[in-house]
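1. Show me how the following folds:
(one chain, ligands or ions: 1)
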Amino acid sequence: MYKEAIRPAWAEINLSNFDYNVKQIRAKMGNDREFIGVIKADAYGHGAIQCAEVLRENGVKTFAIATLQEAITLREAGATERIICLGLTPDMYVDILAQYDIIPVVDDSRNARAISDAAAARGKTIDCLIAVDTGMGRIGYLADDLNYAVEDIRRIAVLPNIRILGMFSHMATADAFDKTFSHEQEARYNRFYDAVTQAGIPLPFRTLANSASIMELPTVLFDGCRPGIILYGQYPSHEVDKNQLSLKPVMQVKANIVHLKYVPPGFSCGYGRKFIANRPSAIATVGLGYADGYPRPYSSKARVIVNGQICNVAGNICMDQFMVDVTDVPGVKVGDEVIVMGTDGVNTISADDIADATGTINYEITCAFGQRLPKVFVK
Ligand SMILES: *Cc1c(COP(=O)(O)O)cnc(C)c1O
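-> Numbers count the residues shown, from 1 in each chain. Sure thing, here's the model as predicted:
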(Lines give C-alpha, C1' and ligand atoms only; values in the text may rest on other atoms or scores of the structure.)
Protein backbone atom coordinates (compact mmCIF):
# COMPACT_ATOMS: atom_id res chain seq x y z
CA MET A 1 0.00 0.00 0.00
CA TYR A 2 1.20 3.50 -0.74
CA LYS A 3 0.17 6.44 1.41
CA GLU A 4 0.25 8.82 -1.56
CA ALA A 5 -2.19 6.62 -3.51
CA ILE A 6 -4.90 7.39 -0.90
CA ARG A 7 -6.53 4.09 -1.81
CA PRO A 8 -5.49 0.44 -1.70
CA ALA A 9 -5.28 0.08 -5.51
CA TRP A 10 -2.76 1.55 -7.92
CA ALA A 11 -1.05 1.35 -11.30
CA GLU A 12 2.65 0.74 -10.76
CA ILE A 13 4.66 2.39 -13.52
CA ASN A 14 8.19 1.04 -13.84
CA LEU A 15 10.29 3.83 -15.35
CA SER A 16 13.40 1.63 -15.54
CA ASN A 17 11.49 -0.68 -17.85
CA PHE A 18 10.31 2.34 -19.86
CA ASP A 19 13.94 3.49 -20.12
CA TYR A 20 14.96 -0.02 -21.24
CA ASN A 21 12.31 0.01 -23.98
CA VAL A 22 13.38 3.47 -25.20
CA LYS A 23 16.97 2.25 -25.54
CA GLN A 24 15.92 -0.91 -27.40
CA ILE A 25 13.77 1.12 -29.80
CA ARG A 26 16.54 3.66 -30.36
CA ALA A 27 18.94 0.82 -31.25
CA LYS A 28 16.38 -0.66 -33.65
CA MET A 29 15.65 2.71 -35.34
CA GLY A 30 19.27 3.79 -35.65
CA ASN A 31 20.76 7.05 -34.40
CA ASP A 32 20.25 9.18 -37.48
CA ARG A 33 16.45 9.23 -37.30
CA GLU A 34 14.22 11.47 -35.24
CA PHE A 35 12.66 9.57 -32.33
CA ILE A 36 9.11 10.88 -31.94
CA GLY A 37 7.89 9.66 -28.57
CA VAL A 38 4.14 9.05 -28.85
CA ILE A 39 2.78 9.97 -25.42
CA LYS A 40 -0.84 10.66 -26.35
CA ALA A 41 -3.64 9.61 -23.98
CA ASP A 42 -1.40 10.33 -20.98
CA ALA A 43 1.24 8.01 -22.46
CA TYR A 44 -1.28 5.20 -23.07
CA GLY A 45 -2.27 5.53 -19.41
CA HIS A 46 1.28 5.50 -18.02
CA GLY A 47 1.70 9.22 -17.19
CA ALA A 48 2.85 11.53 -19.98
CA ILE A 49 4.90 13.94 -17.86
CA GLN A 50 6.97 11.19 -16.24
CA CYS A 51 7.41 9.29 -19.52
CA ALA A 52 8.44 12.53 -21.26
CA GLU A 53 11.15 13.00 -18.64
CA VAL A 54 12.67 9.58 -19.36
CA LEU A 55 12.48 10.22 -23.11
CA ARG A 56 14.25 13.55 -22.52
CA GLU A 57 17.02 11.81 -20.55
CA ASN A 58 17.46 9.59 -23.60
CA GLY A 59 17.88 12.56 -25.93
CA VAL A 60 14.41 12.45 -27.47
CA LYS A 61 13.51 15.92 -28.74
CA THR A 62 10.08 15.38 -30.30
CA PHE A 63 6.86 14.20 -28.69
CA ALA A 64 3.53 13.39 -30.31
CA ILE A 65 0.12 13.79 -28.70
CA ALA A 66 -3.46 13.53 -29.94
CA THR A 67 -5.24 16.52 -28.40
CA LEU A 68 -4.28 20.12 -27.75
CA GLN A 69 -4.97 19.66 -24.03
CA GLU A 70 -2.30 16.96 -23.94
CA ALA A 71 0.19 19.39 -25.48
CA ILE A 72 -0.77 22.13 -23.04
CA THR A 73 -0.26 19.72 -20.12
CA LEU A 74 3.27 18.97 -21.35
CA ARG A 75 4.11 22.64 -21.92
CA GLU A 76 2.78 23.59 -18.48
CA ALA A 77 5.04 20.89 -17.02
CA GLY A 78 7.96 22.66 -18.68
CA ALA A 79 8.45 20.66 -21.88
CA THR A 80 10.44 22.63 -24.47
CA GLU A 81 10.64 19.83 -27.04
CA ARG A 82 8.87 19.83 -30.39
CA ILE A 83 5.30 18.59 -29.94
CA ILE A 84 3.36 17.19 -32.89
CA CYS A 85 -0.44 17.06 -32.62
CA LEU A 86 -1.47 13.92 -34.53
CA GLY A 87 -5.10 14.99 -35.01
CA LEU A 88 -6.50 17.81 -37.14
CA THR A 89 -7.02 21.17 -35.46
CA PRO A 90 -10.32 22.88 -36.37
CA ASP A 91 -9.96 26.61 -37.13
CA MET A 92 -11.63 27.53 -33.84
CA TYR A 93 -8.61 26.20 -31.89
CA VAL A 94 -5.68 27.22 -34.07
CA ASP A 95 -4.59 30.03 -31.76
CA ILE A 96 -3.63 27.32 -29.22
CA LEU A 97 -1.13 25.99 -31.77
CA ALA A 98 0.50 29.39 -31.94
CA GLN A 99 0.34 30.06 -28.23
CA TYR A 100 1.94 26.75 -27.21
CA ASP A 101 4.17 26.17 -30.26
CA ILE A 102 2.52 22.95 -31.35
CA ILE A 103 3.18 21.35 -34.75
CA PRO A 104 -0.15 20.56 -36.44
CA VAL A 105 -0.89 18.07 -39.19
CA VAL A 106 -2.69 19.74 -42.06
CA ASP A 107 -4.69 18.47 -45.02
CA ASP A 108 -6.51 21.59 -46.19
CA SER A 109 -5.19 24.98 -47.30
CA ARG A 110 -8.10 26.86 -45.72
CA ASN A 111 -7.23 25.38 -42.33
CA ALA A 112 -3.56 26.17 -43.04
CA ARG A 113 -4.51 29.77 -43.74
CA ALA A 114 -6.28 30.01 -40.38
CA ILE A 115 -3.16 28.59 -38.73
CA SER A 116 -0.90 31.02 -40.57
CA ASP A 117 -3.13 33.94 -39.55
CA ALA A 118 -3.08 32.83 -35.90
CA ALA A 119 0.70 32.57 -35.99
CA ALA A 120 0.99 36.00 -37.61
CA ALA A 121 -1.15 37.53 -34.88
CA ARG A 122 1.43 36.33 -32.37
CA GLY A 123 4.38 37.28 -34.54
CA LYS A 124 5.30 33.62 -35.03
CA THR A 125 5.70 31.08 -37.80
CA ILE A 126 4.26 27.60 -37.27
CA ASP A 127 5.81 24.40 -38.62
CA CYS A 128 3.30 21.88 -39.94
CA LEU A 129 3.25 18.39 -41.37
CA ILE A 130 1.26 17.60 -44.50
CA ALA A 131 -1.07 14.71 -43.64
CA VAL A 132 -1.54 12.12 -46.35
CA ASP A 133 -4.05 9.26 -46.37
CA THR A 134 -2.11 6.37 -47.86
CA GLY A 135 -4.57 3.74 -46.66
CA MET A 136 -5.67 4.40 -43.10
CA GLY A 137 -8.80 6.17 -44.36
CA ARG A 138 -8.74 8.57 -41.43
CA ILE A 139 -7.26 12.01 -42.17
CA GLY A 140 -5.03 13.47 -44.85
CA TYR A 141 -4.98 14.25 -48.54
CA LEU A 142 -6.10 11.20 -50.48
CA ALA A 143 -2.82 9.85 -51.78
CA ASP A 144 -4.23 9.01 -55.19
CA ASP A 145 -5.74 12.46 -55.72
CA LEU A 146 -2.34 13.85 -56.58
CA ASN A 147 -3.32 16.77 -58.80
CA TYR A 148 -5.68 18.26 -56.26
CA ALA A 149 -3.21 17.65 -53.42
CA VAL A 150 -0.26 19.28 -55.16
CA GLU A 151 -2.40 22.27 -56.09
CA ASP A 152 -3.70 22.67 -52.53
CA ILE A 153 -0.28 22.16 -50.91
CA ARG A 154 1.03 24.88 -53.23
CA ARG A 155 -1.51 27.22 -51.62
CA ILE A 156 -0.11 26.27 -48.20
CA ALA A 157 3.50 26.71 -49.31
CA VAL A 158 2.96 30.39 -50.12
CA LEU A 159 1.30 31.28 -46.80
CA PRO A 160 3.54 33.64 -44.85
CA ASN A 161 3.40 32.27 -41.30
CA ILE A 162 3.19 28.51 -41.75
CA ARG A 163 6.14 26.41 -42.88
CA ILE A 164 5.86 22.91 -44.31
CA LEU A 165 8.18 20.76 -42.24
CA GLY A 166 7.43 17.52 -44.01
CA MET A 167 4.97 14.76 -44.71
CA PHE A 168 3.09 12.46 -42.40
CA SER A 169 0.97 9.35 -42.94
CA HIS A 170 -0.16 6.42 -40.81
CA MET A 171 -0.06 2.65 -41.34
CA ALA A 172 -3.27 0.60 -41.09
CA THR A 173 -1.96 -2.96 -41.05
CA ALA A 174 1.74 -2.79 -40.19
CA ASP A 175 1.07 -5.13 -37.26
CA ALA A 176 -0.42 -7.83 -39.50
CA PHE A 177 1.61 -10.85 -40.61
CA ASP A 178 0.74 -10.09 -44.25
CA LYS A 179 2.63 -6.95 -45.26
CA THR A 180 1.06 -6.58 -48.74
CA PHE A 181 -1.09 -3.58 -47.86
CA SER A 182 1.74 -1.95 -45.91
CA HIS A 183 3.89 -2.05 -49.01
CA GLU A 184 1.03 -0.53 -51.01
CA GLN A 185 0.89 2.29 -48.45
CA GLU A 186 4.64 2.72 -48.73
CA ALA A 187 4.37 2.99 -52.52
CA ARG A 188 1.59 5.58 -52.25
CA TYR A 189 3.63 7.52 -49.72
CA ASN A 190 6.62 7.59 -52.02
CA ARG A 191 4.56 8.56 -55.10
CA PHE A 192 2.99 11.42 -53.17
CA TYR A 193 6.37 12.57 -51.91
CA ASP A 194 7.81 12.52 -55.42
CA ALA A 195 4.88 14.46 -56.89
CA VAL A 196 5.01 17.23 -54.27
CA THR A 197 8.77 17.61 -54.24
CA GLN A 198 8.91 17.55 -58.06
CA ALA A 199 6.40 20.41 -58.00
CA GLY A 200 9.10 22.38 -56.19
CA ILE A 201 7.74 22.03 -52.65
CA PRO A 202 10.35 20.48 -50.35
CA LEU A 203 9.23 17.95 -47.72
CA PRO A 204 12.42 17.58 -45.72
CA PHE A 205 10.95 15.57 -42.85
CA ARG A 206 9.19 12.33 -43.76
CA THR A 207 7.46 10.26 -41.07
CA LEU A 208 5.34 7.15 -41.54
CA ALA A 209 6.42 4.42 -39.12
CA ASN A 210 4.48 3.35 -36.02
CA SER A 211 5.61 0.64 -33.58
CA ALA A 212 4.93 -2.32 -35.85
CA SER A 213 6.72 -0.62 -38.74
CA ILE A 214 9.79 -0.02 -36.58
CA MET A 215 9.82 -3.73 -35.80
CA GLU A 216 9.18 -5.13 -39.26
CA LEU A 217 9.25 -2.58 -42.08
CA PRO A 218 12.78 -1.13 -42.29
CA THR A 219 12.09 0.68 -45.59
CA VAL A 220 9.43 3.01 -44.11
CA LEU A 221 11.48 4.46 -41.26
CA PHE A 222 12.46 7.57 -43.28
CA ASP A 223 13.47 10.68 -41.25
CA GLY A 224 11.42 10.15 -38.10
CA CYS A 225 9.60 7.25 -36.42
CA ARG A 226 6.63 7.35 -34.08
CA PRO A 227 6.85 4.52 -31.56
CA GLY A 228 3.86 4.29 -29.23
CA ILE A 229 2.83 0.96 -27.74
CA ILE A 230 6.35 -0.51 -27.75
CA LEU A 231 7.53 2.29 -25.45
CA TYR A 232 5.24 0.79 -22.85
CA GLY A 233 6.61 -2.72 -23.28
CA GLN A 234 3.62 -4.09 -25.17
CA TYR A 235 3.74 -5.60 -28.65
CA PRO A 236 1.47 -4.09 -31.31
CA SER A 237 -0.19 -7.44 -32.05
CA HIS A 238 0.20 -11.21 -31.77
CA GLU A 239 1.28 -11.32 -35.42
CA VAL A 240 4.53 -9.39 -35.12
CA ASP A 241 7.77 -11.30 -34.52
CA LYS A 242 8.58 -10.54 -30.88
CA ASN A 243 12.20 -11.58 -31.43
CA GLN A 244 12.60 -8.33 -33.38
CA LEU A 245 12.60 -6.28 -30.20
CA SER A 246 13.12 -7.01 -26.53
CA LEU A 247 10.60 -5.16 -24.34
CA LYS A 248 9.62 -5.00 -20.69
CA PRO A 249 6.03 -4.16 -19.62
CA VAL A 250 5.90 -0.81 -17.86
CA MET A 251 2.51 -0.96 -16.13
CA GLN A 252 1.35 -3.35 -13.43
CA VAL A 253 -1.95 -3.01 -11.60
CA LYS A 254 -2.06 -3.98 -7.96
CA ALA A 255 -4.39 -3.71 -5.00
CA ASN A 256 -4.78 -4.99 -1.46
CA ILE A 257 -7.51 -7.12 0.03
CA VAL A 258 -9.76 -4.78 2.02
CA HIS A 259 -12.26 -7.34 3.32
CA LEU A 260 -12.17 -11.11 3.84
CA LYS A 261 -14.91 -13.52 4.85
CA TYR A 262 -15.53 -17.24 5.14
CA VAL A 263 -18.83 -18.33 3.65
CA PRO A 264 -20.85 -21.53 3.30
CA PRO A 265 -21.86 -23.28 0.04
CA GLY A 266 -24.69 -21.38 -1.67
CA PHE A 267 -23.31 -17.95 -0.74
CA SER A 268 -23.42 -15.62 -3.75
CA CYS A 269 -21.35 -12.61 -4.79
CA GLY A 270 -22.07 -9.46 -6.74
CA TYR A 271 -24.66 -8.06 -9.11
CA GLY A 272 -26.64 -10.81 -10.81
CA ARG A 273 -25.24 -13.47 -8.40
CA LYS A 274 -22.88 -14.78 -11.10
CA PHE A 275 -20.78 -16.51 -8.43
CA ILE A 276 -22.36 -19.01 -6.08
CA ALA A 277 -20.02 -20.89 -3.75
CA ASN A 278 -20.11 -24.68 -4.23
CA ARG A 279 -17.93 -25.33 -1.18
CA PRO A 280 -17.04 -23.52 2.04
CA SER A 281 -15.16 -20.55 0.61
CA ALA A 282 -12.94 -17.61 1.44
CA ILE A 283 -14.02 -14.47 -0.41
CA ALA A 284 -11.79 -11.39 -0.60
CA THR A 285 -12.96 -7.95 -1.67
CA VAL A 286 -10.69 -5.62 -3.63
CA GLY A 287 -11.27 -1.88 -4.10
CA LEU A 288 -10.87 -1.59 -7.87
CA GLY A 289 -13.48 -1.92 -10.60
CA TYR A 290 -14.52 -1.20 -14.13
CA ALA A 291 -14.36 2.57 -13.55
CA ASP A 292 -10.64 1.97 -13.04
CA GLY A 293 -10.34 0.19 -16.38
CA TYR A 294 -10.86 -3.39 -15.21
CA PRO A 295 -13.25 -4.50 -17.96
CA ARG A 296 -16.60 -5.84 -16.78
CA PRO A 297 -16.81 -8.32 -19.69
CA TYR A 298 -13.66 -9.92 -18.22
CA SER A 299 -15.56 -10.94 -15.05
CA SER A 300 -16.22 -14.60 -15.89
CA LYS A 301 -12.66 -15.23 -17.10
CA ALA A 302 -10.82 -12.88 -14.78
CA ARG A 303 -7.87 -14.20 -12.79
CA VAL A 304 -5.68 -12.40 -10.26
CA ILE A 305 -2.53 -13.45 -8.39
CA VAL A 306 -2.67 -13.58 -4.58
CA ASN A 307 0.35 -14.78 -2.57
CA GLY A 308 1.65 -16.75 -5.56
CA GLN A 309 -1.69 -18.39 -6.36
CA ILE A 310 -3.84 -17.75 -9.41
CA CYS A 311 -7.38 -17.04 -8.20
CA ASN A 312 -10.71 -16.55 -9.95
CA VAL A 313 -12.67 -13.34 -9.66
CA ALA A 314 -15.98 -14.16 -8.00
CA GLY A 315 -18.96 -12.74 -9.86
CA ASN A 316 -19.27 -9.58 -11.91
CA ILE A 317 -16.68 -6.84 -11.55
CA CYS A 318 -18.44 -3.82 -10.01
CA MET A 319 -17.73 -0.17 -10.76
CA ASP A 320 -15.27 0.30 -7.89
CA GLN A 321 -14.77 -3.14 -6.32
CA PHE A 322 -14.59 -6.83 -7.14
CA MET A 323 -14.50 -10.08 -5.19
CA VAL A 324 -12.01 -12.94 -5.45
CA ASP A 325 -12.30 -16.59 -4.49
CA VAL A 326 -9.21 -16.99 -2.28
CA THR A 327 -10.25 -20.34 -0.79
CA ASP A 328 -7.07 -22.01 -2.06
CA VAL A 329 -4.66 -19.36 -0.77
CA PRO A 330 -3.18 -20.59 2.51
CA GLY A 331 -2.93 -17.98 5.25
CA VAL A 332 -4.64 -15.26 3.21
CA LYS A 333 -5.43 -12.13 5.19
CA VAL A 334 -6.72 -8.58 4.84
CA GLY A 335 -4.01 -6.35 3.36
CA ASP A 336 -2.45 -9.07 1.18
CA GLU A 337 -1.46 -7.85 -2.27
CA VAL A 338 -3.54 -8.74 -5.30
CA ILE A 339 -1.88 -8.56 -8.72
CA VAL A 340 -4.61 -7.62 -11.16
CA MET A 341 -2.22 -7.21 -14.08
CA GLY A 342 1.47 -8.00 -13.85
CA THR A 343 3.75 -10.71 -12.55
CA ASP A 344 5.06 -12.09 -9.26
CA GLY A 345 8.02 -13.59 -11.09
CA VAL A 346 6.32 -16.96 -11.58
CA ASN A 347 2.76 -16.25 -12.66
CA THR A 348 1.85 -13.47 -15.06
CA ILE A 349 -1.39 -11.80 -16.11
CA SER A 350 -0.56 -9.55 -19.04
CA ALA A 351 -2.42 -6.71 -20.72
CA ASP A 352 -2.72 -9.09 -23.68
CA ASP A 353 -4.37 -11.75 -21.48
CA ILE A 354 -7.04 -9.25 -20.38
CA ALA A 355 -7.40 -7.87 -23.91
CA ASP A 356 -7.71 -11.32 -25.52
CA ALA A 357 -10.37 -12.35 -23.00
CA THR A 358 -12.42 -9.21 -23.67
CA GLY A 359 -12.13 -8.83 -27.44
CA THR A 360 -9.87 -5.81 -27.43
CA ILE A 361 -6.17 -4.90 -27.65
CA ASN A 362 -3.53 -4.18 -25.01
CA TYR A 363 -3.59 -0.47 -26.00
CA GLU A 364 -7.13 -0.11 -24.70
CA ILE A 365 -6.36 -2.00 -21.48
CA THR A 366 -3.46 0.26 -20.40
CA CYS A 367 -5.29 3.43 -21.48
CA ALA A 368 -8.28 2.41 -19.36
CA PHE A 369 -6.21 1.53 -16.26
CA GLY A 370 -4.60 4.95 -16.63
CA GLN A 371 -7.86 6.83 -16.17
CA ARG A 372 -8.60 6.82 -12.45
CA LEU A 373 -6.07 4.65 -10.64
CA PRO A 374 -3.36 6.53 -8.78
CA LYS A 375 0.00 6.02 -10.47
CA VAL A 376 2.98 4.98 -8.39
CA PHE A 377 6.26 5.46 -10.24
CA VAL A 378 9.04 3.02 -9.41
CA LYS A 379 12.55 2.63 -10.79
C1 LIG B 1 -1.04 6.36 -32.02
C2 LIG B 1 -0.28 6.71 -33.21
C3 LIG B 1 1.04 6.28 -33.38
C4 LIG B 1 1.68 5.24 -32.48
O5 LIG B 1 1.13 3.97 -32.80
P6 LIG B 1 1.68 2.66 -32.10
O7 LIG B 1 1.01 1.53 -32.81
O8 LIG B 1 1.28 2.73 -30.67
O9 LIG B 1 3.14 2.68 -32.27
C10 LIG B 1 1.77 6.79 -34.44
N11 LIG B 1 1.19 7.64 -35.31
C12 LIG B 1 -0.08 8.05 -35.20
C13 LIG B 1 -0.66 8.98 -36.21
C14 LIG B 1 -0.87 7.59 -34.17
O15 LIG B 1 -2.14 7.98 -34.08
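
2. now the residue in the chain that the ligand sits nearest to, nearest residue through space, not along the chain?
-> Proximity to the ligand, evaluated over the chain using CB to the nearest ligand atom, is greatest for residue 228 at 2.3 Å. For glycine as for every other residue, the C-beta is placed from the backbone atoms N, C-alpha and C. For residue 228, ignoring the flanking residues on the chain, the nearest one in space by CB to CB, 6 or more residues apart in numbering is residue 38 at 3.6 Å.

3. I figured that neighbour hits residue 225, correct?
-> No: taking CB atoms under 8 Å as the definition, residue 38 is not a contact partner of residue 225, at 9.6 Å.

4. so who does residue 5 touch?
-> Residues counted as contacts of residue 5 (CB atoms under 8 Å, 6 or more residues apart in numbering) are 374, 376.

5. how about a cut-off of 10 Å?
-> 11, 12, 254, 255, 373, 374, 375, 376 (CB atoms under 10 Å, 6 or more residues apart in numbering).

6. Who does residue 63 form a beta bridge with?
-> residue 37, residue 83 (DSSP bridges).

7. So what's the residue count around the residue of the chain closest to the ligand?
-> Residue 228 has 23 neighbours, counted by other CB atoms under 10 Å.

8. Could you report the separation of it from residue 34?
-> Distance, residue 228 to residue 34, by CB to CB, to the nearest Å: 15 Å.

9. hey, what's in contact with both of residue 38 and residue 225?
-> 210, 211.

10. part of a strand, is residue 35?
-> Yes: assessed by DSSP: H, G, I helix; E, B strand; the rest coil, residue 35 belongs to a strand.

11. shouldn't it be in contact with residue 56?
-> No: with contact defined as CB atoms under 10 Å, residue 35 does not reach residue 56; the gap is 11.1 Å.

12. what about those two, which has more around it?
-> A direct count of neighbours by other CB under 10 Å for residue 35 and residue 56 places residue 35 higher, at 23 against 16.

13. now for the contacts of residue 5, which pair is the farthest apart?
-> Within the contacts of residue 5, two members stand farthest from each other by CB to CB: 255 and 375, at 13.8 Å.

14. was I right about residue 349 contacting residue 306?
-> No: counting by CB under 10 Å, residue 349 stays clear of residue 306, with 11.5 Å between them.

15. what's the overlap in contacts for the two?
-> The contact lists of residue 349 and residue 306 share residue 339, where a contact means CB under 10 Å, 6+ apart.

16. ok, now how distant is the residue of the chain closest to the ligand from residue 322?
-> Per CB to CB, residue 228 is found 29 Å from residue 322.

17. If we ignore the residues flanking it in sequence, what's nearest the residue of the chain most remote from its centre?
-> If you look at how far each residue of the chain sits from its centre, by CA atoms, centre = their mean, the farthest one is residue 264, at 44.1 Å. Using CB to CB, 6+ apart and skipping residues adjacent in sequence, the residue nearest residue 264 is residue 280, 5.9 Å away.

18. Show me this structure divided up by domain.
-> 15-234, 251-349 (automatic domain parsing).

19. I'd like those laid out as JSON lines, including distance to residue 241 and mean pLDDT.
-> As requested, the domains of the chain are exported to JSON lines (distance: least, CB to CB, whole Å; pLDDT from 0 to 100):
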{"stretch": "domain 15-234", "distance to residue 241": "7", "mean pLDDT": "98"}
{"stretch": "domain 251-349", "distance to residue 241": "20", "mean pLDDT": "98"}
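
20. if we can go back for a sec, residue 63 is in contact with the residue of the chain closest to the ligand, correct?
-> No: contact criterion CB under 10 Å: residue 228 and residue 63 do not qualify, at 11.2 Å.

21. show me what contacts the residue nearest to residue 117 when sequence neighbours are not counted?
-> In this structure, residue 117 finds its nearest non-sequential neighbour in residue 161, 7.3 Å apart by CB to CB, 6+ apart. The contact partners of residue 161, by CB under 10 Å, 6+ apart, come to 98, 112-113, 115-126.

22. still on that earlier bit, quickly list what's touching both of residue 228 and residue 63.
-> By CB under 10 Å, 6+ apart, residue 228 and residue 63 have these common neighbours: 36, 37, 38, 39, 40, 43.

23. about what we covered before: most neighbours, which of the contacts of residue 5?
-> In these, the most neighbours by other CB under 10 Å go to residue 11, 29 neighbours.

24. Could you check which helix or strand contains that residue?
-> strand 9-14 (DSSP states H and E).

25. now swap in residue 52 and tell me
-> Assigned by DSSP H and E, residue 52 belongs to helix 48-57.

26. Buried ones in the helix or strand that contains residue 147, by neighbour count?
-> Using DSSP H and E, the element containing residue 147 is helix 146-157. For helix 146-157, burial by neighbour count (16 or more other CB atoms under 10 Å) applies to 146, 149, 150, 152, 153, 156, 157.
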